[in-house]
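Peer 1: Sequence and predicted model, in that order:
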Amino acid sequence: MIDAEQARGRHRSHPASTAGGAIPIPEASLTPQEMIRRATAMRQTLRDRQASTELEGRLLAQTNEEFINAGFYRVVQPRRFGGYEFDLTTYVRVMSEVARGCPSSGWVLALTSGHPIILADHSEQAQIEAYGNYGEYRCPSLGSPIPVQPVPGGYVVSGFWDFASGCDIATHIMASGLIAQEGAAPKPVLMLIDRQDYSIIDNWNMLGMQGTGSRRVVVENLFVPEHRVSPLAMWVGATGDKVHPNPMYNGRKAGFFMIEGGAVSMGTARGMLDLYDELLRNKPMRFAPKTKLMEHHEFQHYFGVAQALMDNADAALLKAAQDYMDACTAQSEQGIEFSEEEDRRIFLMVQQATRLAFEAADRLFTTAGTQIGQSTSMLGRYYRDLVIQRTHFTQQMDRTAVNFARIHFGFAPLSPF
């Protein structure tokens, strides 16, 4: 039997900003261009740390500290709560540049810094508590909902969620749950949980993306106050009160969720192209004439086609980010619904962009020579990381294509994505 009073006593709120007032921005004059420049400037440092990040199986403490100092976690955080509230194209460029240096580090950054947009569906009180006095907020969002038990004033939950990318450096998690409803399907919800209230089990041992530390998080008999629980709006329209006037926070969330991962995939494939460029400039042909690979028509062709694929992939992702912003704005300012069909169309754009990026990466991997298959090969690591990224449930384009067409023709989708 769960002791609700005992569970409630275990909840300790994060320090809250006074009366929900504005939190000062660390660098009030910081521009999107400067943030992108900082991300680009870190590329080689992150590349140098790839092996250490993979070995440690998490975002390195030094890297995390540098991300904090650079302001990367605040790129789409509301200005009211100490963030920069830049647009999604800036977000995409920053995340892609970081992933270009280290895919694992880019993944953790993207999936923790992007979630202020999902937190925006929570109550104002929950957001005030989440950002605290200083605006430090790094938060994975976790699927695979588990049952939660209603009690006076909130809910009690015990269980676990896998694939918690960035759980080691997070200030919170947003974890999904199911509330039983008499005569109806369980209601999916998203719970805001403090870092101090979950433990981590190391069950992440992967072929690629090992450095993300996407481990299991566990809660035991945890009381979650009612104001920290919101409807799980990931796959439906926005719900609840609009805490922020910026339309970016008030649209559907699934399209943005796709863009998060897409930005990392673009950066990962770009990182491969960088290394392939270096390879062609420095490696000689195995047979006569012993000239550099870059001098040969065959490898010039490989490089040119990969460049074209990547440029089109990047353009598609940036177009998806702009379309997402436009749909949010049209809904907020003109009352034009951000429809489920439009959301799925954005899904497809991002998924197709990722396919183009992988086509480029696959061409590079298969023509760079067998030595890049060594476990210590950096080019091979990029490829392994991209392969694992493509297994994510959001990247299953064939499923999304069918569901988009079903919605377009007036049928119910077969799955939420």
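Peer 2: Everything's here; your move. Numbers count the residues shown, from 1 in each chain.

Peer 1: Only C-alpha atoms from now on, for both contacts and neighbour counts.
Peer 2: OK.

Peer 1: T268 versus F393, what's the distance?
Peer 2: Here the distance between F393 and T268 works out to 18 Å (CA to CA, to the nearest Å).

Peer 1: and after the lowest-mean-pLDDT helix or strand in the chain, which helix or strand comes next?
Peer 2: Sorted by mean pLDDT, DSSP states H and E, the helices and strands of the chain end with helix 4-10, the least confident at a mean of 43. Past helix 4-10, further along toward the C-terminus, the next helix or strand under DSSP states H and E is helix 32-41.

Peer 1: That next one: what's the following helix or strand?
Peer 2: Scanning forward in sequence from helix 32-41, with DSSP H and E defining helices and strands, the next element found is helix 43-48.

Peer 1: Only the buried residues of that next one, if you could.
Peer 2: The neighbour-count criterion (16 or more other CA atoms under 10 Å) identifies R43, L46, R47 as the buried residues of helix 43-48.

Peer 1: Wait, the last one touches G101, no?
Peer 2: Yes: with contact defined as CA atoms under 8 Å, R47 and G101 form a contacting pair (4.7 Å).

Peer 1: So if I had to pick from F393 and T268, which one is more boxed in?
Peer 2: Ranked by neighbour count (other CA atoms under 10 Å), F393 and T268 place T268 first, with 31 against 10.

Peer 1: my guess is that one meets A99, correct?
Peer 2: Yes: with contact defined as CA under 8 Å, T268 counts as touching A99 (5.5 Å).

Peer 1: How about the secondary structure of R344?
Peer 2: The three-state label for R344, taken from DSSP: H, G, I helix; E, B strand; the rest coil, comes out as helix.

Peer 1: Actually, S144.
Peer 2: Look at S144: counting by three-state DSSP, its state is strand.

Peer 1: so it touches F160, yeah?
Peer 2: No: at 9.2 Å, S144 does not count as touching F160 under the criterion of CA under 8 Å.

Peer 1: ok, these two, which is more surrounded?
Peer 2: Using other CA under 10 Å, the more surrounded residue of S144 and F160 is F160, with 19 against 12.

Peer 1: which residue sits closest to the more buried one, ignoring its sequence neighbours?
Peer 2: V218 (4.3 Å; CA to CA, 6 or more residues apart in numbering).

Peer 1: isn't that neighbour right up against V157?
Peer 2: No: with contact defined as CA under 8 Å, V218 and V157 do not form a contacting pair (10.0 Å).

Peer 1: So for the two, which sits in the more crowded spot?
Peer 2: A side-by-side neighbour count of V218 and V157, using other CA under 10 Å, places V157 first with 21 against 15.

Peer 1: Just the strands from this protein, written as ranges.
Peer 2: 141-151, 154-164, 172-181, 184-194, 199-201, 215-225, 229-231 (DSSP state E).

Peer 1: Would you indicate which residues of stretch 332-350 are buried?
Peer 2: Quick answer for stretch 332-350 (16+ other CA under 10 Å): 332, 338, 340-350.

Peer 1: can I get the CA coordinates of it in CSV?
Peer 2: Taking C-alpha atoms only, stretch 332-350 is exported to CSV below (Å, rounded to 0.1, in the frame of the first residue of the first chain):
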residue,chain,number,x,y,z
SER,A,332,-1.6,32.3,-32.4
GLU,A,333,-2.1,35.5,-34.5
GLN,A,334,-4.6,34.6,-37.1
GLY,A,335,-6.5,31.7,-35.6
ILE,A,336,-5.5,29.3,-38.3
GLU,A,337,-5.3,25.8,-36.8
PHE,A,338,-1.9,24.1,-36.6
SER,A,339,-3.4,20.9,-37.8
GLU,A,340,-2.4,17.3,-37.3
GLU,A,341,-1.9,17.0,-41.0
GLU,A,342,0.5,20.0,-41.1
ASP,A,343,2.3,18.5,-38.1
ARG,A,344,2.8,15.2,-40.0
ARG,A,345,4.0,17.0,-43.1
ILE,A,346,6.7,18.6,-41.0
PHE,A,347,7.6,15.1,-39.6
LEU,A,348,8.1,13.9,-43.2
MET,A,349,10.3,16.9,-44.2
VAL,A,350,12.6,16.2,-41.3
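
Peer 1: Need the residues that contact that stretch.
Peer 2: Under the criterion CA atoms under 8 Å, 6 or more residues apart in numbering, residues 236-237, 247, 250-252, 254-255, 258-259, 262, 316-317, 320, 323-324, 327-328, 330-331, 397, 400-401, 403-404, 407-408, 417 lie in contact with stretch 332-350.

Peer 1: Check those residues for burial and list the buried ones.
Peer 2: The buried subset of the contacts of stretch 332-350 - by 16+ other CA under 10 Å - is 236-237, 247, 250-252, 254-255, 258-259, 262, 316-317, 320, 323-324, 327-328, 330-331, 397, 400-401, 403-404, 407-408, 417.

Peer 1: Quote the end-to-end distance of stretch 372-383.
Peer 2: From start residue to end residue, stretch 372-383 stretches across 10 Å - CA to CA.

Peer 1: Also stretch 112-127?
Peer 2: The first and last residues of stretch 112-127 sit 15 Å apart, counting by CA to CA.

Peer 1: now that stretch: mean pLDDT?
Peer 2: In this model, stretch 112-127 carries a mean pLDDT of 95.

Peer 1: Check which residues of that stretch are buried.
Peer 2: Neighbour counts over stretch 112-127 (16+ other CA under 10 Å) mark 112-124, 126-127 as buried.

Peer 1: Just to be sure, which of the residues you listed are found in helices?
Peer 2: Using DSSP state H, the subset of those located in helices is T112, S113, P116, I117, I118, L119, E124, A126, Q127.

Peer 1: could you dump those to JSON lines with distance to A61?
Peer 2: Formatted as JSON lines, the entries for those read as follows, by distance: CA to CA, whole Å:
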{"residue": "T112", "distance to A61": "15"}
{"residue": "S113", "distance to A61": "16"}
{"residue": "P116", "distance to A61": "22"}
{"residue": "I117", "distance to A61": "25"}
{"residue": "I118", "distance to A61": "25"}
{"residue": "L119", "distance to A61": "25"}
{"residue": "E124", "distance to A61": "31"}
{"residue": "A126", "distance to A61": "27"}
{"residue": "Q127", "distance to A61": "26"}
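
Peer 1: Distance from the chain centre to the longest helix along the chain, please.
Peer 2: Using DSSP H, we find that the single longest helix of the chain is helix 297-334. If you compare the mean C-alpha spot of helix 297-334 with that of the full chain, they lie 17 Å apart, counting by CA atoms, centre = their mean, to the nearest Å.
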